[in-house]
Structures are given as C-alpha cells and as structure tokens.
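[1] what shape does this take:
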Amino acid sequence: MTQLLITNARVVTPRQASRDANGALAGPAMRHLDVLPSADVLCEAGCFTRIAPTAGTQGELARAARGVPTLDARGRVLLPGFVDCHTHACFAGSRLDEWQQKLAGVPYLDILRAGGGIHSTVRATRAASLTELQASLSARAARMLAHGTTTLEVKTGYGLLPDAELAMLRAILASPLDAALAGQTRCATALLGHALDPSMDPEAFVDAIIEQALPACAEMLRGVGAPLVVDVYIEQGAWSLPQVCRLFAAAHALGARLRAHADQFSCQGLVEASIDAAMGKPSPLPAPLHTLDHLEATSEAVLAQLGRTPTIAVMLPCTGFHTDQRYANARAIIDAGGRVALATNYNPGTSPCFAMPMAIALGVRCNKLTIAEAIVAATANAAAALALPDRGTIAPGQRADAVLLEGSDERSLAYEFGANPVASVIAGGRVVG
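    Numbers count the residues shown, from 1 in each chain. You can find the predicted model right below:
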C-alpha cells in the first residue's frame, strides 16, 4: 500500500462538515477555514487517512508511521490541491501576433474579420494531429501541476465541426505523456456550443452539433466511464438562447451535466432561465445549470437571486485582467447564501494564465472575495463544480491531493503574486512536484 507521511505542517482546509450534498460550501460557510497550526498527515492508498497534532518534533502519528516515506513541511502551509474547474487548455497555434495588434489599438472585430480571433485557433486546432494536441496539452498541464493544480477541467470547443470536436475529446482523454501527470486528474467537458462555424448556415450548424456531435461525444465518454458534461457560450454573435435550450434539452435527455459561459459581455437571459428552473418556475431550460461561469455583465440583483439556488457561480478574474478589467461580483452571490468557485479560464485569447495562485490573488482583489472564500472557491467549491466531492479538503477519506506552500501564512497566497508560491505538490498521495 502506497503511503506518505507529511509532518510539521500548518494544515489549512475548508470545513468538510460544512459541505452540502454536492460537496460545495455556501454563503457564510465559505468564510471559515479549519486550521491546525502544527499537524502530521498520513496518506494511504491515495487518500488522507489520519490527521493529528504534532507534539514536539515527533508526534504520535509520526511514531506510529515510522518507516513511511516522509515529507517534512517545516511549519509551512498545507492546503488541498487546487482544482481548476474551467480551462480551454487543449488547443493549437498562438495568438501572440493578435495580442500585439490589440495593444496597438486594432479593434477585436477588425482582427476577427481578417480571420483572427477564435477562428485562427480553430484553424490551427483542426490542422493539428492527435499527437500534437496531446503533447501541447500535457506540456500545459505540467505547468499547471507545478503551480498546484492537481485536478483540471479541459474543454473541447476549438473544433466546432463534429469530427474536429471528437478529435479534441480524444486528445483530452488520452493518457498523459509525463509520468508525473498520472496523479493529476483531468476532466473532459464537451463545449459543443462555442462559436458558430462561419462556413455553415447557423441553424444547420446547430442541427449538426445536436444530431451528430452530441451523441458521438456521449458515446466516447461512456466508453471510458467518464460523465457527459456539456457546455455552451451564449453571447451576441455566438449561440442564442433558443439554440442553447435546444442543445441542453437533447443533452439533458442523455443525462448530461449542464454548464454555461454566460453574461460575459451582455445578458442573454440564460442566467434568469436557470434561476427560474431552480425555483420551479416555467423555464425554457430542462433543468437548472450545474455551473454558470463568467457573469461579468450580470446585475447585482440577478446575482443575489442566483445565490439562492444550488448553481455554482464560477469566477474567472484572469479574463478581466487580460482583457477589459471587468469582474463578476462574487460578494453579491455569497452574501445571498450562494456558492462560488474560482478558475483560470486558461485559453490563448482572453486568459493565457495557467496559475491558480494568480486566480486567487485576483479573486480577492477584483471579485470581492475574502482570502478564506478564495481558498474555498479554488478547492472544495471548484471540486464541486466538477462533481468531485472526494477532494477539495484535507480530511480522512478524501483524495490525498495537496499543495505545500513556500510560506507559513496562508494569507500570503493571495497577498503575493508574480511568483510560484508552491514548494511541493502531492497528487493521489504521491509527491509529484
């Protein structure tokens, strides 16, 4: 049985007892962390099994586990591993030239008309081989792991056409090329409602996604024992509310978990439709959404209503930092009793950031989170956003994913930025970084 003993750690964790049925902490429960100033943590068979206070230099647990491989934390902070619950880390090509044009004042719509923007990433991703997509994703996942991300979600969405979306899904589901990444959990999301393909009539394209891509993705995921998660991007010039509702009705019939990029630039009615569905009111949706991500354009009143539903709101502050300095108001959701998660939104266009510590630093500064709330949002609640209640806290029976920080004060995780604060990464009870 694989074992690891972590000694002399300042253990900081969301409260396992405060998690709801989906594994999330809501409202006031997000404001409190359990802290053991000096503790030993035993990991066995990939899970945390015992946590006990350190007594002097060698406590009871350390004595009982003599001979077990040991990591001496030396008083540093041990947190649950970070869960990045919203990324687009599978792609090919680069948007550096486009970014330089934007810095020079070229409007994004002009770049888009010239074939740039998301369509340049779509062309490059379609042209890449499975091996190339897998290799680039593994390289990015390794950088994320080094910054403490032990679980990451990866979306399709740069293929658009059914066959290209399936190729992306194969790359995401492929075994990691790096042995260290074997301990990192990778969750696939079928972002089937991303951009509209300009080469097709919009309604014919939506028909192809619903009738071809959706059932094929469901079959592929079922074949590897993975859940079907379907995501959309609803916005002017992208998928409309009627199109989204058509896709979600078909996905829900297949047992899919439903997620959405909503209200990034404008309100299209999806957030309100999800709230109505959650409250038992008439709604064009077949069910309330599991997560609503972005929400930069959502009013405070609607955010407060969202906070009264079980839906998890995913904050993506790295996007605002890189693009337009707009940030969702997490405070309104939490104060209404809601659930908030944090993620990087790692992608080549609007958020080229792979580091969860940066998302935490920005979440405190820009989404109005407290430090404790940001840590909960990046661990337990982000895990709940992926329907993984077996991680996100340091507690017996939980998956042994953890981050050992360089410092001995958890507040420094949000206070400092610009450097990697992670000293060691534990994934599945093994030191992997």
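[2] from A146, how far out is the residue most central in space within the chain?
    The chain has C85 as the residue nearest its centroid, 1.1 Å off, counting by C-alpha atoms, centre = their mean. In this view, C85 and A146 are 19 Å apart by C-beta to C-beta, to the nearest Å. Bear in mind the C-beta positions are built from the backbone N, C-alpha and C, glycine included.
[3] same deal with A297?
    Distance of A297 to A146, given as C-beta to C-beta: 34 Å.
[4] ditto for A273
    Counting by C-beta to C-beta, the gap from A273 to A146 is 40 Å.
[5] how about stretch 359-378: buried residues?
    Neighbour counts over stretch 359-378 (16 or more other C-beta atoms under 10 Å) mark 359-364, 366-378 as buried.
[6] okay, now the unreliable bits of the stretch 301-433 of the chain?
    Nowhere does the stretch 301-433 of the chain drop to pLDDT under 70.
[7] which residues of it fall in helices?
    All helices of the stretch 301-433 of the chain, identified by DSSP state H, counting those that start in this stretch, fall at 317-322, 330-335, 356-366, 371-378, 380-385, 412-415.
[8] same list, those, but as CSV with distance to L342 please.
    Shown next, in CSV, are those (distance: least, C-beta to C-beta, whole Å):
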stretch, distance to L342
helix 317-322, 8
helix 330-335, 9
helix 356-366, 5
helix 371-378, 4
helix 380-385, 6
helix 412-415, 11
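[9] let me see the domain layout of the chain.
    3-80+393-431, 82-385 (automatic domain parsing).
[10] which one of those is the most hemmed in?
    Of all the domains of the chain, domain 82-385 carries the top mean neighbour count, a mean of 21, counting by mean count of other C-beta atoms under 10 Å.
[11] now the terminal residues of it, how far apart.
    End-to-end distance of domain 82-385 (C-alpha to C-alpha, to the nearest Å): 13 Å.
[12] and for stretch 335-343?
    Terminal residues of stretch 335-343 lie 20 Å apart, using C-alpha to C-alpha.
[13] repeat for stretch 96-115
    14 Å.
[14] pLDDT on stretch 148-156, on average?
    Averaged over stretch 148-156, pLDDT sits at 98.
[15] which SS class is the residue lying closest to T125 once chain neighbours are set aside?
    In space, and not counting its chain neighbours, T125 is closest to Y158: 4.1 Å by C-beta to C-beta, 6 or more residues apart in numbering. Three-state assignment for Y158 (DSSP: H, G, I helix; E, B strand; the rest coil): coil.
[16] need the pLDDT of I111.
    On the pLDDT scale, I111 is placed at 85.
[17] now do G59
    With respect to pLDDT, G59 scores 65.
[18] how about the one 4 residues further on?
    The score at R63 is 75. That number is its pLDDT.
[19] that one and P227, how far apart?
    With C-beta to C-beta as the criterion, R63 and P227 are 42 Å apart.
[20] same deal with A139?
    Taking C-beta to C-beta, one finds A139 at 26 Å from P227.
[21] how about V431?
    The spacing between V431 and P227, counted by C-beta to C-beta, is 29 Å.
[22] same deal with F354?
    Computed as C-beta to C-beta, the F354 to P227 distance reads 24 Å.
[23] surely the residue nearest to the centre of the chain touches L316?
    No: using C-beta atoms under 8 Å, C85 is not in contact with L316, being 10.1 Å away.
[24] shared neighbours, the two?
    Residues touching both C85 and L316 (C-beta atoms under 8 Å, 6 or more residues apart in numbering) are A343.
[25] what about the helices in the stretch 51-200 of the chain?
    Going by DSSP H, counting those that start in this stretch, the stretch 51-200 of the chain shows helices at 60-64, 96-103, 108-113, 118-127, 130-146, 162-173.
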